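**Q** Turn this into a model:
(chains A and B, ligands or ions: 2)
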Amino acid sequence: MNRIVNDTYRAYEPRPFTADQRKDVTLLFGGVTWRAEQLLEGLFKSAGYNAQRLPDVTVEDLFLGRELADVGQCCPTAFTTGNLSSFLKQEAKRIGPQEVAEKYVYVTAGACGSCRFGQYHQSYELALKNLGLEAFRLFLVQQHEIDQSKASDAGLQTDIHLLLSTALGMMAADAIQDLEYQLRPYEVQPGATNKAAQKAVTEIYDAMLGRPKTLPKWRSVGWHLFTRRFTGAMRRARGYFEGIQLDRLRVKPMVKITGEFYLATAEGVQNYNMHSWLESEGAEVQPAPMVVWFDYLMRYGGQKLEQRFGVNKNARRNFAMLKLGQRVFRAKYDQMRKALGGVPRPMPDQDELRKLAAPFFDNMINGGEGDLLIGKAIWAHTRKKAHMVCELSPYACLPNTMSIGAMAAVQGAYPGMLYAPIEVKGDSDVHALSRCQMVLTEAKTRAQDEFQAALAAAGLTLDEARRRASDRPEVNAPFWKVPHRGAAGTAANVVLELGNASL
Amino acid sequence: MRIPILQKAFAKAPSARAAGQKRALRIGIPRVLNQWSTHRFWTTLFVELGIGRRDIVYSSETSEAQQLKFGKGRGAVDCCYPVKCMIGHYGELLDGLKRPIDILFSPIILTVPSFLCGNVRENMACPRVIAGPESTRAGFQREKDTFAEKGVTYVSPSVSLAEPALAARQLFNAFKGILDGLTPAEMQRAVDRAYGALHEFDSEMRDQSLEVLTSCASGNRPCILALGRPYHMDSGIGHAIENELQAFGYPILWGQYLPLHPEVLDWLYKDLIRAGRIRNPFDISDIWKTSHSANTNELLWAARYGSLMPWITCCIRFSSYECGMDQPTYSPVQAIAESLGTLFFVFQDLDETKPAGSVRIRVETIAYYLERKSPKIMQGKLAAFQDAPPGILLQNVPDTGTASQDPLPEPVQTGSLEIADTTNRQHPGAGS
Ligand code: SF4
Ligand code: SF4
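**A** Numbering: from 1, shown residues only, chains lettered A, B, ... in the order given. Ligands and ions are numbered 1, 2, ... in the order given. Just a heads-up that it's a prediction; the model follows:
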């Protein structure tokens, strides 16, 4: 026996998952918003898999994640590790570990970065080992490799057809989310928006279920470019929101959420339910769309290639292809927005964000969100897109702590910016929420001051504004696009529109 | 034989004289993070660009006094200890020098030249290493621009050091408005020489390590492998714990500078290659799948090297307070290192406090185990190989006093806060 070969450490390698096992195996996945998860479920099912979302994340998952993997994790690692582990643990109790290992596989995104996002699986693997579930299979999908077609007998085919539909699904989820967050704070009938959103997502889910199961590479590209399946479903989804009654003259501070991808997009205990807490405190929230991060990754990829013109042989060609891809990506998202009456906000221009961040953060710094968060914070402040920026920063995050550090200089340059970096540990909500509350109080004052200034500019009193609004019922209709007339707040912009003025 | 003290070799100037134009500028470089593995590149680069050797000034090694005196109240970021310390290094270069600097140079090193290039997915630096300069400078620009106030130009280009052709372009763009008359050709020449010097330095260090190993193999004596980030060689970050172990007569090898001589590698990895586990000695795909980070990749690679090499009977792992990159590697590194019986000890959460008492006790414990277990470990690991060790490891090296006869290793000098002195120490070629 050769000890060097047999006794030395080997990294985890999942047992094969073969095509003929598909019918008996369920893909587990999670980690994105409920809307995106539901659409992913539809996507996997349409591709012939049994698929199941992991249960909603709980604080107990955080503790379990911390217990099972190496110490010092960033909290997204602990949450996601714990979420998977807790599900498997319960299932193992119910049907036994052997059956769990046969019945389920877990699919997660890998990343082309050196932060822990690219190494989550290491924590999962250790957790599986500590749970006695080494035989369980987990698979990484590398997000930077577009086509990862496997041999035809592989159980999991993460080919271009699956990945392009994933992109469209994420866009649809983001567009619906943005619409939802613009309506809910002003709804007259509480709960109407949530109900509509559920139905809307189910509509897209059905569209996802009915997409072609497989297509060869280039036909799939063509299909995704020209299909009206998803925009059609979005237009139908629009109908669910149509009847919602709004009162857009409620004065609310506009709070933009930014931060590390997982925490900024989560809407649950992972970030102390920050979105719903802010709304309950009287704010209008601008959620962080997933698509903006993907757009940033393409911008960053372009920057890398641009630097290599004349150094690497294919840099120019790859740059042109990437730029084309990015243009198509943005155009597709615009189609989705248009299907919802153009109300969901467009993605910000990445070049503008880059320029705004440049004096404070080198745009070649990568990992996490790079200069994106700095650019977004300055953009929201200077372009009057929000009264306040709430940046959700995971405890022990590698890249995010650094861009927050650089924000010190940004705040020096823009002393009027209301910026609330919230360190999220996952189990210390009182501290985090009270920190946020302090900045929010100031944002509320600003929103009120801005509203008064808008009334003055429009030459209206509040009562007159209300009267005019009832003469123009479209201003309280869900699919009326609130024009940006120089105010950050919705009510102030409405008043300015009613008085044909601007700030 | 002498045990190499890596700190002493920091940024020794090249012996060749710069050919081009002389430039009367004084450059300060914070002695932090990946400077610990790339300093020779930067020193040579500036010498080649016509900067006087005495005018390339490194901040001193990290110390509590430095942080207190120059860093207090300027911190803009709450993160791992090595990055937090950058603030004190910047402060020292701005406020602590007898002769002020003109330029504070703090490169954003995106990728690191690594001997594993080509065998791993990427050679990136840790996101905090990359962004450290930006969040640190923010602390000096929050209320007022301290650099402008001091008349210091802050230069902090992002540099892909793992791609030489690109690095030359990035550095030219960074310095073209700063160094009079600089041409792309001049920068290219300087960069080429800088890579040459870095390579030469690396080879020298590896040769010294081979000497240590050869001496151990010839005398059947154990040595210790230090596993950490390059900046754990900074006595303020790694607390020079390895030196305390040397005092017990155990030579220390650093994972960054293990011998890569083909005979040694062939012998160590032959079985794994034959069994199809790896393609070549630099392949780590069987032990570390997500090989994006250069320092992590090298750490994992070195752990396996240490686990196989019979005379390395103990691995000591260093990890800093709140290090995020190390977190996913704790278990794999330990499992790799221990797999054939090598002892494994960790000094974790290292920060500014050096708990001298507990370090002493742990060091004594390690020494105790080393003494008791090393013979068996060496025997067991040797027996795992099908072939006898290669001649290169067993030849008798000229002995200038063995490690075990040299109980008091050369002490590591912590840098003086007076940089003028430190500079002389770091650049012996400059004044002599
Ligand atoms: S970006 Fe931060 S929080 Fe997210 S995985 Fe990386 S280290 Fe963890
Ligand atoms: S490797 Fe660890 S200690 Fe070093 S900069 Fe990164 S997080 Fe900090």
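**Q** close to chain B, is the longest helix anywhere in chain A?
**A** With DSSP state H applied, the helix covering the greatest number of residues in chain A is identified as helix A:429-458. No: judged by CB under 8 Å from any CB of the partner chain, helix A:429-458 makes no contact with chain B; its nearest approach is 13.8 Å. C-beta here means a position set from N, CA and C on the backbone, and glycine is covered the same way.
**Q** got the buried residues for that helix?
**A** Neighbour-count burial for helix A:429-458, with 16 or more other CB atoms under 10 Å in any protein chain shown as criterion, is recorded at A:429, A:432-433, A:436, A:439-440, A:443-444, A:446-448, A:450-451, A:453-455, A:457-458.
**Q** for stretch A:88-103, same thing?
**A** A:88-89, A:91-92, A:97, A:100-102.
**Q** State the distance from the residue of the stretch 151-300 of chain A found nearest ligand 2 to chain B.
**A** Among residues of the stretch 151-300 of chain A, the one nearest ligand 2 by CB to the nearest ligand atom turns out to be A:Glu260. It sits 15.2 Å away. To chain B, A:Glu260 is 11 Å away according to CB to the nearest CB, to the nearest Å.
**Q** now swap in A:Phe230 and tell me
**A** The gap separating A:Phe230 from chain B is 33 Å, by CB to the nearest CB.
**Q** now that residue, nearest residue through space, not along the chain?
**A** Distance criterion CB to CB, 6 or more residues apart in numbering or on different chains; nearest residue to A:Phe230, sequence neighbours excluded, is A:Leu168 at 5.3 Å.
**Q** and that neighbour, that one's in a strand?
**A** No: the assignment for A:Leu168 (DSSP: H, G, I helix; E, B strand; the rest coil) gives helix, which keeps it out of a strand.
**Q** ok, it touching A:His224?
**A** Yes: if you go by CB atoms under 8 Å, A:Leu168 and A:His224 touch, sitting 6.6 Å apart.
**Q** and residue 96, what are its phi and psi?
**A** All of this is about chain A. Per-residue torsions, A:Gly96: phi 90, psi 150 (degrees, to the nearest 10).
**Q** think we crossed wires, I meant chain B
**A** Backbone phi and psi, for B:Gly96 under degrees, to the nearest 10, turn out to be phi -110, psi 10.
**Q** Same question for A:Glu187.
**A** Backbone torsions for A:Glu187, taken as degrees, to the nearest 10, come to phi -70, psi 140.
**Q** neighbours around the closest residue to ligand 1 within the stretch 301-450 of chain A, how many?
**A** Closest approach between the stretch 301-450 of chain A and ligand 1, counting by CB to the nearest ligand atom: A:Cys397, at 3.1 Å. The burial count assigned to A:Cys397 is 31, neighbours taken as other CB atoms under 10 Å in any protein chain shown.
**Q** Let me see the confidence value for it.
**A** In this prediction, A:Cys397 carries a pLDDT score of 89.
**Q** thought it was touching B:Met325?
**A** No: A:Cys397 lies out of contact with B:Met325 (CB under 8 Å); the separation is 11.9 Å.
**Q** What residues does chain A have near ligand 2?
**A** A:Leu398 (CB under 6 Å from any ligand atom).
**Q** which regions of chain A lie under the pLDDT threshold?
**A** Low-confidence regions of chain A, defined by pLDDT under 70, span residues A:110-114, A:116-118, A:142-152.
**Q** try 80 this time
**A** Low-confidence segments of chain A (pLDDT under 80): A:1, A:109-121, A:141-154.
**Q** In it, what residue comes closest to ligand 2?
**A** Shortest chain A-to-ligand 2 distance, computed as CB to the nearest ligand atom: residue-wise this is A:Leu398, at 5.8 Å.
**Q** and that residue, what does it touch?
**A** For A:Leu398, the contacting residues are A:74, A:115-116, A:367-368, B:126-128, B:324-325, by CB atoms under 8 Å, 6 or more residues apart in numbering or on different chains.
**Q** I'd like to know which of these are part of helices.
**A** The subset of those that ends up in helices is B:127-128, with DSSP H as the criterion.
**Q** how about the next helix or strand after the longest helix of chain A as CSV, C-alpha atoms only?
**A** Taking DSSP states H and E as the definition, the helix or strand that follows helix A:429-458 towards the C-terminus is helix A:462-471. What follows is helix A:462-471 as a C-alpha-only set of coordinates in CSV (Å, rounded to 0.1, in the frame of the first residue of the first chain):
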residue,chain,number,x,y,z
LEU,A,462,-50.8,70.3,0.6
ASP,A,463,-54.6,70.6,0.2
GLU,A,464,-54.2,72.2,-3.2
ALA,A,465,-51.8,69.5,-4.2
ARG,A,466,-54.3,66.8,-3.1
ARG,A,467,-57.0,68.5,-5.1
ARG,A,468,-54.9,68.6,-8.2
ALA,A,469,-53.9,65.0,-7.7
SER,A,470,-57.6,63.9,-7.6
ASP,A,471,-58.1,65.9,-10.8
